[in-house]
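Chemist: sharing a model prediction with you, sequence too.
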Amino acid sequence: MKRKSDIIFFLVPIVLDAALIMLAFNLSYWIRFYSGLIPITKGIPVIRPYLLLSGFAAIVWIIVFYISGFYDIKKTPALADEIYQILRGIVIGIVIVLLPTFFYREFTFSRITILLAYVLGAGLTVLGKMSIRMLKIALYHRGIGIHNACIVGGGESAKEVLKKFSQNPVAGYKLVGQIIEKERNTVVHLLPVLGKLYQLREIIKLHKIDTLILTFSLSEHKKIAKILIKCNGLPVDLRFVPDPYELLTSRIGYYELDGFTLLGLKEFPLTHWNALLKSIFDIVITSILLILCLPIIIISSIFVKLSSKGPLFYHQERVGRDGNKFNIIKFRTMKVNAEASTGPIFATANDSRITRFGRKLRRWSIDEIPQLINVLKGNMSLVGPRPERPEFVKKFSSEISRYLERHRVKPGITGWAQVNGLRGDTSVKERVKYDLYYIENWSFGLDIKILLRTFIATLKGENAY
């Protein structure tokens with residue numbers, strides 16, 4: 001789970017930029033019509049259209065900056081590069097803002113005011129960015145928002161990493177030490193050796209390491225695979241110091257530290273802004289679904305109570321994001337104490353433990369509807385890897401490579417594996433492949449596609465038992 005400081009460092013620049021852009025437009029209006037610096041020939045226009053334009057401009061520029069990666073907290077480019085990004089974004093934004101004014105005939109905006117707004121917006125935004133950098137440095141000096149990083153490997157690349165990190169206080173990383181693979185690895189001067197590669201998992205937990213920086217060649221793929229396996233299920237990011245002569249074709253993340261390039265190997269897109277939007281989407285859609293499903297919930301509740309003895313709902317412990325456990329809620333479809341003699345096992349076709357009405361609930365996936373409450377509570381998402389019981393997680397994590405990676409996101413009521421037929425008593429290994437694909441390729445389009453396919457699959461009732 002990402003730190004609160006990361007969320008703050010992400011949101012504060014957005015709020016500040018929006019405020020500064022709106023200030024620039026309103027300040028330009030005052031300078032043009034009230035300061036006395038510029039002669040007035042056609043009277044003073046009302047301020048309301050300019051206020052609306054300033055709000056529209058703020059939204060446009062924030063979107064442009066976001067798409068350009070301006071708010072990516074993982075990137076800390078040099079100040080000159082940031083200023084260039086700001087000016088480029090302002091130019092694109094001003095074009096987009098001006099387009100509607102050509103078609104709005106009821107009011108004519110002052111060109112001088114718009115030009116002043118552009119100049120002031122650029123200047124204020126640059127000053128705002130410099131202020132954010134200074135604030136970050138001050139907070140980092142106090143240990144707030146610092147990420148503990150560790151070098152894995154040695155050589156000249158490791159020395160270069162130490163040099164760059166020490167020269168860039170705004171990066172927000174603290175190098176806590178070095179992990180070596182063999183005794184022959186070059187030990188970086190003044191950087192403590194925390195241990196060897198086989199102790200990686202224990203070192204990460206002991207020193208609370210957030211980021212591993214790999215300094216050996218990508219051609220040494222066995223080492224990379226070993227590290228990826230050891231990091232399974234841990235909330236740690238991997239960065240790679242690339243060889244400029246190596247061409248990589250896999251999907252990777254690109255990072256910049258004052259002109260020093262790092263590549264991320266352990267990435268998924270569902271972070272920060274995307275995670276927040278997905279949570280909002282979950283709450284809105286879930287609330288609507290609960291209202292629409294209310295008649296089904298009432299009818300199902302009556303028949304569950306009439307068809308068999310026992311509680312209405314079934315609560316079962318599952319493992320969610322970051323390995324946190326929670327109780328999943330379902331309509332009870334099995335007899336009371338169904339696993340008393342068998343222990344935890346998967347449901348199968350013609351399972352004798354399932355009640356007659358419970359089989360109908362499972363056929364149409366109505367037993368899953370109460371999980372909408374789990375979504376509202378924040379334990380689950382509408383779409384994501386299906387949560388497993390702790391007993392199965394322990395078993396599968398030792399048998400299936402990268403199984404614990406599923407826990408980097410919230411589990412879902414439905415998922416990419418389920419809409420591809422991997423539901424019920426199907427191959428767990430195949431399910432994990434689909435889950436990892438979803439995590440690494442998430443988008444709102446994919447979520448909507450999964451929800452639509454879930455509706456169709458529910459009507460078919462395939463593997464629903």
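Modeler: Happy to help now that I have it. Numbers count the residues shown, from 1 in each chain.

Chemist: and the strands in the chain, which stretches?
Modeler: 147-152, 173-180, 193-196, 211-214, 237-240, 253-257, 260-264, 313-319, 325-331, 381-383, 412-414 (DSSP state E).

Chemist: in TSV, list those along with distance to M134, mean neighbour count and mean pLDDT.
Modeler: To be clear about C-beta, it is placed using only N, CA and C from the backbone, and glycine gets the same treatment. Formatted as TSV, those follow (distance: least, C-beta to C-beta, whole Å; neighbours: other C-beta atoms under 10 Å; pLDDT from 0 to 100):
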stretch	distance to M134	mean neighbour count	mean pLDDT
strand 147-152	19	23	86
strand 173-180	18	20	84
strand 193-196	32	16	86
strand 211-214	23	24	87
strand 237-240	25	23	82
strand 253-257	18	18	63
strand 260-264	21	17	67
strand 313-319	42	17	92
strand 325-331	41	18	94
strand 381-383	37	26	96
strand 412-414	41	25	95
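
Chemist: mind putting the ones you listed into CSV with distance to P295?
Modeler: Listed next are the strands of the chain as CSV, based on distance: least, C-beta to C-beta, whole Å:
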stretch, distance to P295
strand 147-152, 50
strand 173-180, 54
strand 193-196, 60
strand 211-214, 50
strand 237-240, 46
strand 253-257, 46
strand 260-264, 48
strand 313-319, 18
strand 325-331, 15
strand 381-383, 20
strand 412-414, 19
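
Chemist: and the ones you listed: which comes nearest I297?
Modeler: strand 325-331 (8.7 Å; C-beta to C-beta).

Chemist: and of the strands of the chain, who's closest to I40?
Modeler: I40 lies closest to strand 253-257 among the strands of the chain, at 47.1 Å (C-beta to C-beta).

Chemist: residues in contact with stretch 428-441: which ones?
Modeler: 251, 267-270, 383-386, 396, 400, 402-403, 405-406, 408-409, 415-417, 420, 422, 446, 450 (C-beta atoms under 8 Å, 6 or more residues apart in numbering).

Chemist: mind redoing it with 6 Å?
Modeler: For stretch 428-441, the surrounding residues in contact (C-beta atoms under 6 Å, 6 or more residues apart in numbering) are F268, P385, F396, I400, Y403, E405, R406, V409, W416, A417, N420, L422.

Chemist: same check on stretch 318-329?
Modeler: 1, 313, 315-317, 370-371, 373-374, 379, 387, 390, 393, 407, 410-411.

Chemist: what is the end-to-end distance of it?
Modeler: 10 Å (C-alpha to C-alpha, to the nearest Å).

Chemist: circling back: would a markdown table of the contacts of stretch 428-441 with distance to I224 be doable?
Modeler: Output for the contacts of stretch 428-441, formatted as a markdown table (distance: C-beta to C-beta, whole Å):
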| residue | distance to I224 |
| --- | --- |
| F268 | 17 |
| P385 | 24 |
| F396 | 23 |
| I400 | 19 |
| Y403 | 19 |
| E405 | 15 |
| R406 | 21 |
| V409 | 23 |
| W416 | 25 |
| A417 | 26 |
| N420 | 28 |
| L422 | 28 |
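
Chemist: count the neighbours of Y118 for me.
Modeler: Y118 sits with 21 neighbouring residues when counted by other C-beta atoms under 10 Å.

Chemist: and it, what is it in contact with?
Modeler: By C-beta under 6 Å, 6+ apart, the neighbours of Y118 are I94.

Chemist: same check, this time on P192
Modeler: Contacts of P192 (C-beta under 6 Å, 6+ apart): G177.

Chemist: distance of it from L234?
Modeler: Noted for P192: a distance of 21 Å to L234, by C-beta to C-beta, to the nearest Å.

Chemist: same question, M22
Modeler: 42 Å.

Chemist: hmm, T286 is touching K377, no?
Modeler: No: using C-beta atoms under 6 Å, T286 is not in contact with K377, being 10.3 Å away.

Chemist: who's more crowded, these two?
Modeler: T286 (20 against 11).

Chemist: and this structure, what are its domains?
Modeler: Per automatic domain parsing, the domain ranges recorded for the chain read 4-141, 147-264, 272-460.

Chemist: by mean pLDDT, show me the worst of the ones you listed.
Modeler: In terms of average pLDDT, domain 147-264 trails the rest of the domains of the chain, at a mean of 74.

Chemist: from the contacts of stretch 428-441, keep the buried residues only.
Modeler: Neighbour counting over these (16 or more other C-beta atoms under 10 Å) leaves F268, P385, F396, I400, Y403, E405, R406, V409, W416, A417, N420, L422 as the buried ones.

Chemist: residues contacting the fifth one?
Modeler: If you count contacts by C-beta under 6 Å, 6+ apart, Y403 has them with F396, S397, V432.

Chemist: so which of those belong to helices?
Modeler: Counting by DSSP state H, the contacts of Y403 place F396, S397, V432 in helices.

Chemist: in TSV, list those along with distance to L135.
Modeler: As requested, these are exported to TSV (distance: C-beta to C-beta, whole Å):
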residue	distance to L135
F396	45
S397	41
V432	42
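
Chemist: gap between the residue nearest the centre of the chain and I73?
Modeler: With distances taken as C-alpha atoms, centre = their mean, T271 lies nearest the centre of the chain, 1.4 Å away. Distance from T271 to I73, counting by C-beta to C-beta: 9 Å.

Chemist: returning to what we had before: for the residue nearest to the centre of the chain, grab phi and psi.
Modeler: Backbone torsions for T271, taken as degrees, to the nearest 10, come to phi -130, psi 160.

Chemist: can you tell me how far it is from P411?
Modeler: Taken as C-beta to C-beta, the span from T271 to P411 is 17 Å.

Chemist: ok, back up a step: any idea which of the buried ones among the contacts of stretch 428-441 is closest to Y140?
Modeler: F268 (25.8 Å).

Chemist: between the buried ones among the contacts of stretch 428-441, which is nearest K42?
Modeler: Using C-beta to C-beta, those come closest to K42 at F268, 55.7 Å.
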